[in-house]
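Engineer: here's a sequence, model it:
(2 chains)
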Number of protein chains: 2
Amino acid sequence: MQSNQDIEMMAVKIIEVTVEDIRFPTSDELVGSDAMHTNPDYSCAYVTLRTNVPNLVGVGTTFTLGKGTDVVVECAKALNEQFIGKSVVGIVKDYPNFYRSITSEPQLRWVGPEKGVLHLATAALLNAFWDLYAKIQRKPLWKVFVDMTPEELVGLLDFRYLSDVITKEEAITMLKKLEPTKQTREKEMLELGYPSYTTSAGWMGYSDEKITRLCKGAIEEGFSHIKIKVGADIEDDIRRCRLIRSILGPDRKLMVDANQRWDVNQAIDYMKRLAEFNPWWIEEPTSPDDILGHAAIAKAIAPLKVATGEQCQNRIIFKQLLQSNAISFCQPDSCRLAGPTEVITVMILCAKFGVPVCMHAGGVGLCEYVNHLCIIDYIIVSGSLENRISEYVPHLNEHYIHPSIMKKTRYQCPSHSGYGGGLKEQTIKDHRYPNGPVWLSKNKPPVHEKNA
Amino acid sequence: MQSNQDIEMMAVKIIEVTVEDIRFPTSDELVGSDAMHTNPDYSCAYVTLRTNVPNLVGVGTTFTLGKGTDVVVECAKALNEQFIGKSVVGIVKDYPNFYRSITSEPQLRWVGPEKGVLHLATAALLNAFWDLYAKIQRKPLWKVFVDMTPEELVGLLDFRYLSDVITKEEAITMLKKLEPTKQTREKEMLELGYPSYTTSAGWMGYSDEKITRLCKGAIEEGFSHIKIKVGADIEDDIRRCRLIRSILGPDRKLMVDANQRWDVNQAIDYMKRLAEFNPWWIEEPTSPDDILGHAAIAKAIAPLKVATGEQCQNRIIFKQLLQSNAISFCQPDSCRLAGPTEVITVMILCAKFGVPVCMHAGGVGLCEYVNHLCIIDYIIVSGSLENRISEYVPHLNEHYIHPSIMKKTRYQCPSHSGYGGGLKEQTIKDHRYPNGPVWLSKNKPPVHEKNA
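Structural biologist: Got it, this is the predicted structure:
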């Protein structure tokens, strides 16, 4: 029999979906610039799911770099119909079928499947959906998943195309082993939080003086791991690595990130040259699609280690990166994978292969999501902090109603209900593209609107 | 010194780009239905590049299944600015940089890169571009490429992320070996055409009676290779394979296509059961992203052979399928890869690995493009017809100004200038979505337009 509370929850239905194009003019100051993404305007497709309960909404985003946000917005609108009129709790009860109805919609899947614009749009919608569900549960999202039994959690996940490396039964068995100790880890997270590293010091467009100042600042804040961008020019990379290593000293960790700039053999040659600076990992040495390329690089540069994930399109790519020993650190993106359940699926794959998850963050909204996700990984999936550290880049977090909270370089457990992707009302008003005041003042209408 | 003709050609500039959403209600009759795509409305994003020369336009399409076409259209519009005001011949002279400015645009690449909606939109634009260039040259597209020297052709291609398996120098050497005999093959193609197979008989939604009638018809037309859809239900697949093999007799080739329906171990188990019908290949046994999965299947079911490609997103995936011995037949899609130059890049990779290219076709417009591409492969890249055969599905070809021409089951060399993607004016008027008469009469506005 259903309880009164169950019946009440069942009655919450999604009645409207809106999607907005929100952009920040970060390219003005080269925030976030790297060898491939030279002028990003950090942006998001911003989804709001409205319900039949006044003021009960779910919000969710996917991160973008400016151009193309409008296309993701259009795609999210094209997926709207799957949500309208449905009970939120009803969707969760039948989640695998619901999820498949979006990720493998018979006509839309041709323009994916499960990748690129379509999957980013799916991510925004499902992030909003889980925000809404957590609000109905009156819990922060991390707590929603942490409180599930292994059977309940695995029951939500889509293991299509994974069964050659892991079955649902095996995943349940793995999670069950950690169940008796999960309360200890939850207490630890509530007290201490999850370790992070900073990328704020080493963007490509920064001067030496600025890098030095930011590096010293990061050390003063207590960061023991710092990541910098490489890949545009190897001689310049060597010079900057030397500068930063001299500031960090021999013991702090230095990570380097090539943002896909190299071919396989280039990556091998260049990493041999950067080896003297003892990088803890090389991130995105080559194309995110090149599983065998990453595996070849990993083999050739060992004991140096390879990391990737922020542009890996779905669980199937991660499965193969793990199968082929291509990565020693796995860096999924909370807005590229299709919501928290696909992220958790990748975490389970990583646990099976003994590869640490170090979530990708930065951009806009990623730190807010990662805050929940890394805690889930520790408490119920990996049970370990060894070689695990989540990215932290606080640009733009002043725009969030519930920004990620950092204390002593650790992400603090969110205590508010939901998933935390909500932007402040004024921010939304100001940053709507192309007609918000921030963009109107720039007087730069998008070219394709003129020519269409 | 430039000739007068060169100067005249240099003066042709692109002044306007329009993109339209054209859809055909093919789901009414289950044309094109398979285990994953149960109700396709064959559609295309239709690009027109207008120039400063009256009536000189380039048209190009990418194929879609209905929903999502609007998103591809939006994305193509977002890429417009790269074309406006540029000289067509000037673009070709600097093609690698031009190509990279689209496929790796610093902000847009985040919603790809080189995959899904973004790459499909790129395909439509570049197909239109090469149509325009061929019209300026007053040649059919196949002849434009066939008449290039190996250096000229390879100079157009993007080998980023491929240099670990092939260099441009190696590609030029390979193509040079075939140069002395290319006129003989061109003559052969002009006389006989390129062999094809039919998929028209075996769509998933068809009755046994209809399958039998269509199979017999195909045999009467002279087809020696017939492909059918499997994957929804293995017992039903066995029954249909038995029926079709009984009609085909032991010598004609039967290919089966699972359209990604299976996990790896399922594919292995099911193909062992279908082995008694001696399939020539199993197409798309699992996810198009699962390179290692295809390799595992290929190893387990040998001597049965694996084919895939229509949903493989770019040259980097094909590189790995070849590296890992995952496929014995390679089936790139002319509208998923970024125009003819990426298709030719994949053909060169296949030639290096000795894997035959059997182009994917069907849908709307694919046969018209494949007609040019398979001829290019034979004359200048592979130099062989062994185990090579291109798909042919004539649905909707009555809508084309220059439909692909089939004689005795062979694609005939196109003789008109351009790439052949042009739809008849009346077809465009009738099939515009959602306001063309064909769609207005259905009275089914797209749901997301109501809710947006």
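Engineer: C-alpha from now on. contacts and neighbour counts both.
Structural biologist: OK.
Engineer: who are the packing partners of the stretch of helix or strand A:E152 belongs to?
Structural biologist: When elements are assigned from DSSP states H and E, A:E152 belongs to helix A:150-155. For helix A:150-155, the contact count by 3 or more CA pairs under 8 Å, 6 or more residues apart in numbering or on different chains; DSSP states H and E identifies helix A:168-178 as packing neighbours.
Engineer: contacting residues around whichever helix or strand comes after the helix it packs on?
Structural biologist: Per DSSP H and E, the first helix or strand lying C-terminal to helix A:168-178 is helix A:182-192. The contact list for helix A:182-192 (CA atoms under 8 Å, 6 or more residues apart in numbering or on different chains) reads A:I375, A:Y378, A:I379, A:I380, A:G383, A:R410, A:Q412, A:C413.
Engineer: ok, and the most crowded of those residues?
Structural biologist: Counting neighbours by other CA atoms under 10 Å in any protein chain shown, A:I380 comes out on top of the contacts of helix A:182-192 with 29 neighbours.
Engineer: tell me who's in contact with it.
Structural biologist: Taking CA under 8 Å, 6+ apart, we find A:I380 in contact with A:V146, A:L175, A:L178, A:E179, A:K182.
Engineer: quick check: the last one vs A:P195, distance?
Structural biologist: Computed as CA to CA, to the nearest Å, the A:K182 to A:P195 distance reads 18 Å.
Engineer: the two: which has the busier surroundings?
Structural biologist: Legend: neighbour count by other CA under 10 Å for A:K182 and A:P195, higher for A:P195 (25 against 20).
Engineer: pLDDT value on the closest residue to the more buried one other than its chain neighbours, please?
Structural biologist: In this structure, A:P195 finds its nearest non-sequential neighbour in A:R410, 4.4 Å apart by CA to CA, 6 or more residues apart in numbering or on different chains. If you check A:R410, the pLDDT there is 97.
Engineer: tell me which residues form a beta bridge with A:R410?
Structural biologist: In this entry, A:R410 is beta-bridged to A:P195, A:K407, by DSSP bridges.
Engineer: please enumerate the strands of the stretch 101-250 of chain A.
Structural biologist: According to DSSP state E, counting those that start in this stretch, the stretch 101-250 of chain A carries its strands in the segments A:194-202, A:225-229.
Engineer: shouldn't A:M36 be in contact with A:Q260?
Structural biologist: Yes: under the criterion of CA atoms under 8 Å, A:M36 is in contact with A:Q260, at a separation of 7.3 Å.
Engineer: next, the contact list for A:K135, please.
Structural biologist: Counted by CA under 8 Å, 6+ apart, A:K135 has contacts A:L56, A:G58, A:S417, A:G418.
Engineer: just say helix, strand or coil for the second one.
Structural biologist: Judged by DSSP: H, G, I helix; E, B strand; the rest coil, the three-state class of A:G58 is strand.
Engineer: what's the local residue count around the closest residue to it other than its chain neighbours?
Structural biologist: With sequence-adjacent residues excluded and distances taken as CA to CA, 6+ apart, A:G58 is closest to A:L132, at 4.0 Å. Using other CA under 10 Å, the number of residues around A:L132 comes to 29.
Engineer: pLDDT score for A:L132?
Structural biologist: Model confidence at A:L132, given as pLDDT, is 98.
Engineer: need the contact list for it.
Structural biologist: A:L49, A:L56, A:V57, A:G58, A:V59, A:V88, A:G418.
Engineer: run through the residues of the stretch 101-250 of chain A sitting next to chain B.
Structural biologist: Within reach of chain B by CA under 8 Å from any CA of the partner chain, the stretch 101-250 of chain A has these residues: A:104, A:106-108, A:110-113, A:115-118, A:120, A:160-164.
Engineer: ok now the one helix or strand A:K299 maps to, how far from the chain's centre?
Structural biologist: In this assignment (DSSP H and E), A:K299 forms part of helix A:291-301. From the chain centre to the centre of helix A:291-301 is a distance of 24 Å (CA atoms, centre = their mean, to the nearest Å).
Engineer: on contacts alone, who are the packing partners of the helix or strand just after that helix?
Structural biologist: Per DSSP H and E, the first helix or strand lying C-terminal to helix A:291-301 is strand A:306-308. Applying 3+ CA pairs under 8 Å, 6+ apart, we find strand A:306-308 packed against strand A:279-283, helix A:291-301, strand A:329-330.
Engineer: what strands flank strand A:306-308, and is each parallel or antiparallel?
Structural biologist: strand A:279-283 (parallel), strand A:329-330 (parallel).
Engineer: so for the nearest residue to A:V230 once chain neighbours are set aside, what's the pLDDT?
Structural biologist: Excluding its sequence neighbours, the residue lying closest to A:V230 (CA to CA, 6+ apart) is A:A258, at 4.8 Å. What the model reports as pLDDT for A:A258 is 96.
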